[in-house]
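Engineer: Provided below for reference: sequence and predicted model.
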Amino acid sequence: MRNVSIVVNPSSSFNQPPLDAGDVHAVPAYGRDYKSASAVKADWLAGKDFRCAVTGRYLSVRDNVPAEVWVRYAKLMKLVRVQ
(Lines give C-alpha, C1' and ligand atoms only; values in the text may rest on other atoms or scores of the structure.)
Protein backbone atom coordinates (compact mmCIF):
# COMPACT_ATOMS: atom_id res chain seq x y z
CA MET A 1 0.00 0.00 0.00
CA ARG A 2 1.28 3.47 -0.85
CA ASN A 3 1.23 6.38 1.54
CA VAL A 4 -0.45 9.38 0.05
CA SER A 5 -0.18 12.79 1.61
CA ILE A 6 -2.48 15.67 0.81
CA VAL A 7 -1.22 19.21 1.14
CA VAL A 8 -3.83 21.84 1.85
CA ASN A 9 -3.04 25.50 1.53
CA PRO A 10 -5.03 27.18 4.32
CA SER A 11 -4.92 30.54 2.58
CA SER A 12 -6.60 29.16 -0.54
CA SER A 13 -10.00 28.87 1.18
CA PHE A 14 -10.52 25.75 -0.93
CA ASN A 15 -10.79 27.86 -4.09
CA GLN A 16 -14.21 29.16 -3.14
CA PRO A 17 -15.54 31.92 -5.35
CA PRO A 18 -15.99 35.33 -3.75
CA LEU A 19 -19.48 36.16 -2.56
CA ASP A 20 -19.79 38.87 -5.20
CA ALA A 21 -19.48 36.43 -8.13
CA GLY A 22 -23.19 36.39 -9.04
CA ASP A 23 -26.38 35.41 -7.28
CA VAL A 24 -26.08 33.89 -3.81
CA HIS A 25 -28.45 31.25 -2.51
CA ALA A 26 -28.51 31.13 1.27
CA VAL A 27 -30.21 29.27 4.11
CA PRO A 28 -30.95 30.53 7.63
CA ALA A 29 -28.00 30.03 10.00
CA TYR A 30 -27.93 28.34 13.39
CA GLY A 31 -30.92 26.07 12.73
CA ARG A 32 -33.43 28.87 12.21
CA ASP A 33 -36.38 28.40 9.87
CA TYR A 34 -39.15 30.72 8.76
CA LYS A 35 -42.81 30.26 7.88
CA SER A 36 -43.19 33.46 5.83
CA ALA A 37 -41.21 35.46 3.32
CA SER A 38 -41.80 38.67 5.30
CA ALA A 39 -40.10 37.15 8.36
CA VAL A 40 -37.07 36.20 6.23
CA LYS A 41 -36.81 39.73 4.82
CA ALA A 42 -37.19 41.28 8.27
CA ASP A 43 -34.35 39.20 9.72
CA TRP A 44 -32.15 39.89 6.66
CA LEU A 45 -32.65 43.64 7.09
CA ALA A 46 -32.03 43.28 10.85
CA GLY A 47 -28.56 41.86 10.09
CA LYS A 48 -29.09 38.24 11.18
CA ASP A 49 -26.70 35.63 9.80
CA PHE A 50 -27.44 33.31 6.91
CA ARG A 51 -25.23 30.62 5.34
CA CYS A 52 -24.30 30.44 1.69
CA ALA A 53 -25.77 27.18 0.37
CA VAL A 54 -22.72 26.56 -1.85
CA THR A 55 -19.71 27.59 0.22
CA GLY A 56 -21.11 27.38 3.76
CA ARG A 57 -19.87 30.87 4.60
CA TYR A 58 -21.91 33.07 6.91
CA LEU A 59 -23.25 36.28 5.41
CA SER A 60 -25.63 39.07 6.27
CA VAL A 61 -26.82 42.40 4.92
CA ARG A 62 -23.70 43.98 6.50
CA ASP A 63 -21.38 42.04 4.16
CA ASN A 64 -20.37 42.86 0.62
CA VAL A 65 -22.85 40.64 -1.23
CA PRO A 66 -24.02 40.73 -4.85
CA ALA A 67 -27.11 42.48 -6.14
CA GLU A 68 -29.31 39.42 -5.65
CA VAL A 69 -29.47 37.22 -2.56
CA TRP A 70 -32.03 34.41 -2.41
CA VAL A 71 -32.95 32.67 0.85
CA ARG A 72 -34.61 29.28 1.22
CA TYR A 73 -37.18 28.94 4.02
CA ALA A 74 -40.15 26.76 5.10
CA LYS A 75 -37.96 23.68 5.57
CA LEU A 76 -35.97 24.73 2.46
CA MET A 77 -39.02 24.30 0.23
CA LYS A 78 -39.64 27.99 -0.64
CA LEU A 79 -37.38 30.69 -2.00
CA VAL A 80 -37.50 34.47 -1.55
CA ARG A 81 -35.28 37.28 -2.83
CA VAL A 82 -34.06 39.44 0.06
CA GLN A 83 -31.65 41.71 -1.80
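Structural biologist: Yes, it's here.

Engineer: contacting residues around Val24?
Structural biologist: By Cβ atoms under 8 Å, 6 or more residues apart in numbering, Val24 lies in contact with 52, 54, 59, 65-66, 68-70. Glycine gets a C-beta too; all of them are placed from N, C-alpha and C.

Engineer: List only buried entries from those residues.
Structural biologist: The neighbour-count criterion (16 or more other Cβ atoms under 10 Å) marks 52, 59, 65, 69 among the contacts of Val24 as buried.

Engineer: Give me the lowest-pLDDT entry from these.
Structural biologist: Lowest model confidence among the buried ones among the contacts of Val24 falls on Val65, which carries 79.

Engineer: Spit out the contact partners of the residue nearest the centre of the chain.
Structural biologist: The residue lying closest to the centre of the chain (Cα atoms, centre = their mean) is Cys52, at 1.5 Å. Residues counted as contacts of Cys52 (Cβ under 8 Å, 6+ apart) are 19, 24-26, 58-59.

Engineer: Quick check: the farthest pair among these?
Structural biologist: Put simply, by Cβ to Cβ the two of those set farthest apart are His25 and Tyr58, 14.2 Å from each other.

Engineer: mind listing the strands for this protein?
Structural biologist: All strands of the chain, identified by DSSP state E, fall at 24-28, 50-52, 58-59, 69-73, 78-81.

Engineer: Lys78 against Ala37, yeah?
Structural biologist: Yes - Lys78 lies in contact with Ala37 (Cβ atoms under 8 Å); the separation is 7.3 Å.

Engineer: Could I get the pLDDT score of the residue lying closest to Lys41 once chain neighbours are set aside?
Structural biologist: Among residues not flanking Lys41 along the chain, Val82 sits closest, at 5.4 Å (Cβ to Cβ, 6 or more residues apart in numbering). Val82 is assigned 93 on the pLDDT scale.
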